[in-house]
Structures are given as C-alpha cells and as structure tokens.
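J.: Provided below for reference: sequence and predicted model.
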Amino acid sequence: MSNQQTFRIVLRPVQTELTAPAGSALRDLLFAQGVEFPCGGQGRCRGCRVHVLEGQASVNEAQRERLSAEEIAQGWRLACQCALEDDLVIELRQWDAAILVDETPFAFEPRPGLGVAVDLGTTTLVAQLLDLRTGHVLAVRTALNSQARFGADVMSRVQFAVPKDGAQQLCHLIRQQIGSLIEQLVFAAQVPEGEITDVVVVGNTVMHHLFCGLDVEPLSRYPFESKQLGLQTFRAGDLGWKLSGRAQVRFLPCLGGFVGSDILAGILATRLREREGLNGLVDLGTNGEIVIGNRQRLLCASTAAGPAFEGARISMGMRASTGAMSEVTVDDHSIHCRVLGNVAPQGLCGSGLVDAVAAGLELGLIQPSGRFTGGAGAWELAAPVVLTQSDIRELQLAKGAIAAGIRILLDRFGASAGDLKKLYLAGAFGNYINRASAQRIGLISFPAEKVEAAGNTALLGAKLALFCPEGEDGSFAHLRQQTEHVALNADQDFQDTFVEEMAFPNMRARAWELDAGETPEPNTQSLEPRI
Amino acid sequence: MTQFEELQQAIIDGKAPVSKALTEKMLKEGIRPGEFFPKAIIPAMDEVGRRMRECEFFIPEVLIAARAARASSDILRPLLVGDEAISSAGTVVCGTVKGDLHDIGKNIVAMMLESAGFKIVDLGVDVSAEKVVDAVRQNQANLVAMSALLTTTMVNMKSVVEALSAAGLRDKVKIMVGGAPVTDAWAHSIGADGYGKDAPAAVELARQLSVA
C-alpha cells in the first residue's frame, strides 16, 4: 500500500462524497460533516456509531467493549475508533441538529452602528447581526461548536483543556469559528463590516474561560470556583477577527460555579430582577441551571443532570431531528406517537422520553418508583422504538437533579413550589417539552400554566446587552452582586433531596392540587432569603 | 416465616423501624448478636444487590434498604464480643478522591460492604492520598475503595496508588476503584487491583480480594 493511496467515503442519507488519504481518522473526516462525538472521541460512549454498508473498517478493543458481537457483524462501528483503510459507504446515525434562534421582540434605546450577539453554547452557536438603530435582525448564522470533537459536555472539554496546550487549542478554535460566523453575517446582510461597533458573547463559565483564554483548571475540581468570572473586553483585532477598527467585543460576566453569562443574559431577558413576586428560570441541559428570585435578591445554582434530556445515554435516544419520536400522548388507554419529519420512527428525543414516561405512569405501566409494573424489561412505543428500564432510570437521575435544585433554592427563600408565580424554561428543550408531562414526572412540581417556554433567553439577553454599552462598573456588576451562587454539591440537604426527587410523584400527594389552583398570592415580605 | 426471614424482609423493604424493633426483640429472646449477620443482614443485602443489578431496585430503594440494615447493625456491633467482634471479612478504607464531591455511589457501596460484614472506615469526600495512607495505617485496613464521578478527578486515583506504594503499604492492601467514568482498563492502567461496575459488583470484588 503506497502512502499516497486515497479512499472514497459516501455518506448516507446525505449522499455526500469525500476523498481522503489512507489512515485518516474517521473522527476528523466526519466531524467536518457535523457528526458529533459525545465523549470527545475516546471510545467511551456509543454516540458516534455509524453503519458501514460497504467496505472494510477494523474493530478494536474499545469497539468490542461498546458494541455487541451482533452489531459488529452487522457493520456497526464507532467512528472515533476507525482509520480509513478502504472505500466506504457509511450510514450516519445522527441527523442535523435543530438550533433555536431567538425572534422575540424587545424594547431598546436606539444607538448608531451595527452589533452582533453570540450565544456560545457547549454544543451549538448562534450569532445574530443587528442594526442598533432599528433593532432589526439583519442576518442569523448557527453552527455546531467546533470544540465539540474534543468532548460533548463541559467536563470533557475541561479535561481536554487542562493538560499541555489543550486550552490554547480550544481558545483558538472557538475564536476563529465566531470570527468566521461574523464574516458570514456581514456577507449575508451585505453591510460594511466597519459599521460593527459592538459584539456581545454569552456562554457558560467553561465557554467563557476558554474563549477568553483564562485558566480552566479551577473548574476541574472541587469546589469548582474560578476567581476570573468578570466581564472580559477585547478589541476585534486582538481576537484575530477581520473587523476593521473600533469594534468592541464583550464576554458578559459569569454568576458563579458553572452558572455563566448565558444565565445572566437569561435573567436580563426574562426580567427576573424587575419582578415583585418570586419567579424562576431553568435551563435544561447536561448541566441544568436554575435561578429563583425577585426584585430584592436572586439565587442561582447548577446541577449535573446528565445527558438524558438531550437523548444521550438513552438506549434508542437521539436528537430532536427527523425520525425522532417527539411526542407521546395517551388517548383512551392507548398511546399515540408523533415523529418529526413524518417518517418511520427511529429513536426517542428528550421531549419524547419525558412524554413516554408520563404516559407509562398514566397507564399504570410504570410505578412511582420508576420500575415497570410486573417487572417488564422494556415497553415498545412504536416499532422499533422501545423504552427500557434503564432509560427510565436515566430520566430519574436527570429530573431528580433539577427538581432537587429547584426545591433547595425555594427552601432558602422559605418558599414552596406554590409560591412561585412563574417558571421560565430556557433553551431548545424547554421549548419542546410538554409541560403537563414535565409536571407528571415531577420535573416541575407546579401546574403547567405557571410554566412558560421562554426560548433562547441567552441570545435575547445578549441582544439587550448590545444596547447597554457599559463596562464592569455598570449594571452587569450590579446584577452579579444581587445574584448569589449556591453550591448545591456542598449543600447538606442536596443528596437527600436528590434521592427523594428521583421517584415519580404520586399525583394525589401534591399539595397544590388540594387547593385546586387557588394558590394564594405570595407575600413578598416573607420571601426574603434565609441565610 | 422465621424471625430471621422477617428481619430480611424488613431490610429488603427498607423498613428501618421494623428492623430495629425486630432486632431488639430477637436479642431479648436470647439470639446471639453474631448470628444476625450470616442469617439475616448479609443475605438481605445480597438480595438487594441482586434486585439492583436486575434494575428492579434503584438508588432510593437501595438507600432505604441499607438504612434499615444499619438500624439493625448499629444495635448489634457494640454487642459483638470475642471472635465475633473481629470482622472476618476485612477492613475497608473508602472515600471519593481529591476534587470529587459525588458520594451517593460511594455511600451505597460503603453501606453494602458494611452489611456484608466488612468494617468500614469512610473518609468522606474530597479525600487526599495522604489521608488514605494514614487511615490504612491506623486501622490496619486490607482494602482501599476509591470512587470518582468526574473524568477530571479520576486521575487522582493514581495518586492514591502511588502514595500507598511510597508509604510501603502497597503489598498490605488491595485497591479497588469505581464510578461512572472508571473502566476495567483504567483500573489496570493505574495499578489498582480491581474495578467494581456497580455496588453489588463491588461487594463481590471485595470478597474476592480479601481472600486472595
């Protein structure tokens, strides 16, 4: 075999064709096509499995550990573990991600110039170009975070960053990617780039540190506290961006622990600190972030919910894309399933998982303990999609962590779920989740009408910040002072509460149901936080 | 149903007040404290382990069962005399490694090992390698069990193995590791003696290692 030999790869169902030299890592070739590597390409999960329809791809030890003999015989491989050794026809297990873009109208004071708001997520990026005189969105671009091939979640990103020059590599990647997104925005809107005066970026603490070139080592271990949470300001030129002249780039400050400026932006967007009564904001992701508060004071926390809401570590889990079962409803003792794209079902996404478990509870197929009634191992929702016992356990861990976090923050206000006026759900998942199902599984323990899907609050908050050109001494610093970070892992009640919240509610036991929606108006005087 | 079977059932069902009351009643009737472990507590927790492994029990059920077992063993341990007082199974020093605070898994393993007759020295969370070395010395432990839930803290398991070697204790103790990101291959690569996939597996492993 000569060193110059190249091979051809055909990707299905997209029908893309690639050519690459022998020995190239499939990981790099497929990542460029938008395939994700949840464990960072270390062979520790099954997220990147692909179906090799034609051609040879060798199986190593890591693959034998993660794939069954039957799967291997059928041609399933972990893309991250394969090097190119033959012409291949591959069917991808993953589909394009649906990224939530914000279109909420908002109030603003006109300013001259153009601005760019960026929501830098662990998985996805959204950038919007705005005319600051009119508030109009001129162009939008979305992308998968290019760091994702080095780990899907923040902890694996930190793990990659800490040794050697990992942090530098990640910093360079993300700065370059956002710079190129901005170039695309300018090109799409046909505006002079010199008119861009402001760029505001928001993201969680790890994204903040990696973008700004700060040391992430403190975020790798207990107590997970960095001292460099503040507002970071750059000139576009310092970041290697091709924006001429005076554009100022601000990465908004973080709130504490892993709670970053995406949540600070969410507080701005939902106006939590302007409200008299007690309100909450929850961002459901691998790291669930929670804010509870009123005009006087805000408490925030993050809790490791695991990837169940994103369809990961679920036996037939997948993202909310074509083929995903996204809704399950109960009608007269039978279930009805809705599949995205109106095709045959291929898997279960987060909202479908929550619905399926809620339906199982409703039909008595699932016990409040999470166990299938009668000890069944799995429940076929619609062939070939099944819900297994361990899927329910994964969901119990995820919802237990979020519900416990909400309860502990409410406790610090001396309040209970009934005192909450409104709970805003941020992010894509918050948009798709069925609120009644979320209530049925005990993810939230108040009536569905108190829950509002708030959309991409991080992006909306970043846009609002474009109209407040102030620095560290301004309103962000004040908001940070007002917001106290609660370290849940150090809270002595957290573990017990978490374990309690793993079970599904027995609906009759819910206090709010007893007074049938007549929740008394909370007395704001009594809602001062207890310390 | 014999009284031992009743006590087993109370533990499996997680009824701590029942297991406590039954233990007291049986002691009054003259049953020797040492009999409870082989005849009720150990078989009950083995059954809990089996149900956990078969997904019938989840974390909450296992924790309440372990609490019920503890309600009984807390009464019994001070009463054990002579040979009975010396834990036949062995002494385990356990904790989560430096930088790691996730201890639900570690607590379940500790409670199940305790119910299986091991003496437990639980160092808690965020435990340094030096603390492990000191505890092994002071308690003449023959097993060390370390847990980590984060890929970033898992590396500190290696420091524990190294510190025990440096202190000249490596041939006196067996080291077992566990936690979500940990694998068998990882355990071998850092020179540990074994990996427990879940709590029942950890109990099985501890039994094998302490006779080896």
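T.: Looks like it arrived, so ask away.

J.: And the helices in chain B?
T.: Under the criterion DSSP state H, chain B contains helices at B:3-12, B:16-28, B:33-36, B:42-53, B:59-76, B:104-115, B:129-139, B:156-166, B:184-189, B:199-211.

J.: Then the stretch 201-350 of chain A?
T.: For the stretch 201-350 of chain A, applying DSSP state H, counting those that start in this stretch gives helices covering A:205-212, A:261-270, A:350-362.

J.: Could you list the residues of chain A in contact with chain B?
T.: Applying C-beta under 8 Å from any C-beta of the partner chain, we find that chain A lies next to chain B at A:44, A:65, A:155-156, A:158-159, A:162, A:220-222, A:369-371, A:375, A:377, A:389-390, A:393, A:396, A:489-490, A:495, A:498-500, A:502-503. Yep, even glycine has a C-beta here, placed from its N, CA and C like the rest.

J.: Selection in ChimeraX covering whichever of the residues you listed are buried, please.
T.: Listed next is the ChimeraX selection for buried residues among the residues of chain A next to chain B, using 16 or more other C-beta atoms under 10 Å in any protein chain shown:
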select /A:44,155,156,158,159,162,220,221,222,370,371,389,393,396,489,495,498,499,502,503
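
J.: Apart from its neighbours in sequence, what residue is nearest A:Asp28?
T.: Excluding the flanking residues, the one nearest A:Asp28 by C-beta to C-beta, 6 or more residues apart in numbering or on different chains is A:Arg149, at 7.6 Å.

J.: As a quick check, tell me the outermost residue of chain B.
T.: The centre of chain B is farthest from one residue, B:Glu29, which by C-alpha atoms, centre = their mean lies 29.5 Å away.

J.: before we move on, back to that, in helices, which of the residues of chain A next to chain B fall?
T.: A:65, A:155-156, A:158-159, A:389-390, A:393, A:396, A:495, A:498-500, A:502.

J.: which of the residues you listed sit farthest apart?
T.: A:Glu65 and A:Glu500 (34.7 Å; C-beta to C-beta).

J.: got the end-to-end distance for stretch B:142-159?
T.: 18 Å (C-alpha to C-alpha, to the nearest Å).

J.: rewinding a little: if I pick the residue farthest from the centre of chain B, what's in contact with it?
T.: Listed by C-beta atoms under 8 Å, 6 or more residues apart in numbering or on different chains, the contact set of B:Glu29 is empty.

J.: Look up how far chain A lies from it.
T.: Using C-beta to the nearest C-beta, to the nearest Å, one gets 34 Å for the distance from B:Glu29 to chain A.

J.: and residue 22, how many neighbours does it have?
T.: Because you didn't say which chain, this covers chain A. Residues lying near A:Ala22 (other C-beta atoms under 10 Å in any protein chain shown) number 15.

J.: ah, I was thinking of chain B
T.: 23.

J.: Look up the closest residue to it, ignoring the ones flanking it.
T.: Going by C-beta to C-beta, 6+ apart, B:Leu22 has B:Leu7 as its nearest residue, at 4.9 Å.

J.: Am I right that that neighbour is in contact with B:Phe36?
T.: Yes. Contact criterion C-beta atoms under 8 Å: B:Leu7 and B:Phe36 qualify, at 7.3 Å.

J.: Check the contact lists of those two and give me the overlap.
T.: With C-beta under 8 Å, 6+ apart as the test, B:Leu7 and B:Phe36 both reach B:Thr23, B:Met26, B:Ser72.

J.: Could you tell me which residues of chain B lie near chain A?
T.: B:55-56, B:58-61, B:63, B:98-104, B:125-126, B:150-153, B:181, B:183.
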